[in-house]
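> Here you go, sequence then predicted model.
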Protein chains: 2
Amino acid sequence: MGEEPTRDRIVRVATDLAESDGLSAVTLRAVGSAAGLSRGAPYRHFRDKSDLLAAIAEQGLARIRRAILNSDPSLDPGQRLSAALSAYVATARAEPVVYTLIFSADLATDHHPELVSAGLDAYNTFVDLVDELLHDRDASRSAASKLWAATHGALTLSLAGHGTKEKGLDDIDALLRELALAVLAMPRGT
Amino acid sequence: MGEEPTRDRIVRVATDLAESDGLSAVTLRAVGSAAGLSRGAPYRHFRDKSDLLAAIAEQGLARIRRAILNSDPSLDPGQRLSAALSAYVATARAEPVVYTLIFSADLATDHHPELVSAGLDAYNTFVDLVDELLHDRDASRSAASKLWAATHGALTLSLAGHGTKEKGLDDIDALLRELALAVLAMPRGT
DNA sequence: TCTCCCTTGTTGACACTGTCAACAGACCGT
DNA sequence: ACGGTCTGTTGACAGTGTCAACAAGGGAGA
């Protein structure tokens, strides 16, 4: 295989570091060292530390997009949508630090347009899946927004530790199934 | 009025600092200085910086709880619930940095039990409001969880800057009304 | 009153971090 | 051969979280 570009390797190493030792362990020195480079090396590939974090988040979003896109296409649209939601949750659960980072306010999205664009890609991929079920672009966009919001909300509450004791947030998958049902059963008009 | 305890003043000053200049501006030195004290003074009231952040989040949760509790009691239960949701959103919008901090993974909830307890207080207050509508404790808990998840999700997506261009997340209040309708219209059994 | 101790606050010090400037080598087209 | 760009290294500096040592105050008990 071709050798991995240094920039990609830095992002990958930084992601691993974040997931294994927490976001606070992601220091430019540690990242450089883990990538086999020296302290200042990342500055040849990223303007800022914030720029590196944005890259981590961006690739995380791309991974999420791929996960929901890989849901079995042979399923009927409803079941595939459900599978995509499960894949979304599973990916977020597998890398909670990155997932939290994506929606962190630390990243001023104004200064990181490619992060916004990665978010839009994931969103549009999701809209496509919903559209296979509804066959109505506007309704699909609206439903996808609600589904994403509901999913993300339940996920965050669980990841943040709130709600582990509160019944109903304990089993996210069940909660999600119910939320998805509620959203999709909504009157189409409004 | 009685003089404000130093600890409370530190938390208040730190909260103001966070909202006006961003979370990264909250340094122990700056907080001490803004409180009229010296750099190391906060250490007499908080074990860690993380401990101070947890206190900020905790009081933020208490403020949210008070906001939803203050929704006009003379309204009928359905409208009051809607007003409470609006108050929740308004409070979060008024202090986005604190709101984001509450659900940040930086705060290991294991080490900050009083933060978890503040979250439970807010949740239970919310369940009470839903119960005035449903008159069924279990169903209310379940519905409250879903409403909170959906609200928080829509809010976060909007606060993080994702979705400002995507139709449907633009107007959160409309989205919330629809989500609330969908959740409350759900079959009670499941 | 005097003494003891605990609480609150200050200051000096240290390791670590993000960041930048100065420098070194590799590669590449002319 | 040569100048320039790209990638990488190292030294330096201001800030930051954190801790130990020290000072001031006030309340409890003799």
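Now that the structure is in, tell me what you want to look at.
> quick one: contacts of the helix or strand bottoming out on mean pLDDT in chain A?
With mean pLDDT, DSSP states H and E as the measure, the helix or strand of chain A carrying the lowest mean pLDDT is helix A:172-184 (a mean of 79). With CB atoms under 8 Å, 6 or more residues apart in numbering or on different chains as the contact definition, helix A:172-184 has outside contacts at A:81-82, A:85-86, A:89, A:133, A:143, A:146-147, A:150-151, A:154-155, A:158, A:168-169, B:145-146, B:149-150, B:179, B:182-183, B:185-186, B:190. No exception for glycine: its C-beta is placed from N, CA and C like everyone else's.
> Mind listing what's buried along it?
A:172, A:175, A:176, A:178, A:179, A:180, A:182, A:183, A:184 (16 or more other CB atoms under 10 Å in any protein chain shown).
> Out of the contacts of helix A:172-184, list just those in helices.
A:81-82, A:85-86, A:89, A:133, A:143, A:146-147, A:150-151, A:154-155, A:158, B:145-146, B:149-150, B:179, B:182-183 (DSSP state H).
> Mind checking which of the residues you listed are buried?
Using 16+ other CB under 10 Å as the burial test, the ones in helices among the contacts of helix A:172-184 include A:81-82, A:85-86, A:89, A:133, A:143, A:146-147, A:150-151, A:154-155, A:158, B:145-146, B:149-150, B:179, B:182-183 as buried.
> Excluding covalently adjacent residues, which one is nearest to the most centrally placed residue in chain A?
Nearest to the mean C-alpha position of chain A, by CA atoms, centre = their mean, lies residue A:61 at 4.3 Å. Spatial nearest neighbour of residue A:61, excluding adjacent residues (CB to CB, 6 or more residues apart in numbering or on different chains): residue A:118 at 4.1 Å.
> anything in the helix or strand harbouring residue A:17 near DNA strand D?
For residue A:17, the host element (DSSP states H and E) is helix A:6-21. Yes. Interface with DNA strand D: helix A:6-21 contributes residue A:6 (CB under 7 Å from any atom of the strand).
> what about that helix, average pLDDT?
Regarding helix A:6-21, the rounded mean pLDDT is 97.
> just checking, what packs against it?
For helix A:6-21, the packing partners by 3 or more CB pairs under 8 Å, 6 or more residues apart in numbering or on different chains; DSSP states H and E come out as helix A:28-34, helix A:49-69, helix A:96-102.
> so which of those is the most packed in?
Counting by mean count of other CB atoms under 10 Å in any protein chain shown, helix A:96-102 has the highest mean neighbour count of those, with a mean of 22.
> right, is that helix up against chain B?
Yes. Helix A:96-102 comes into contact with chain B (CB under 8 Å from any CB of the partner chain), by way of A:96, A:97, A:100, A:102.
> From the residues you listed, pick the one nearest DNA strand D.
Ranked by distance to DNA strand D (CB to the nearest atom of the strand), these are led by residue A:97 at 18.8 Å.
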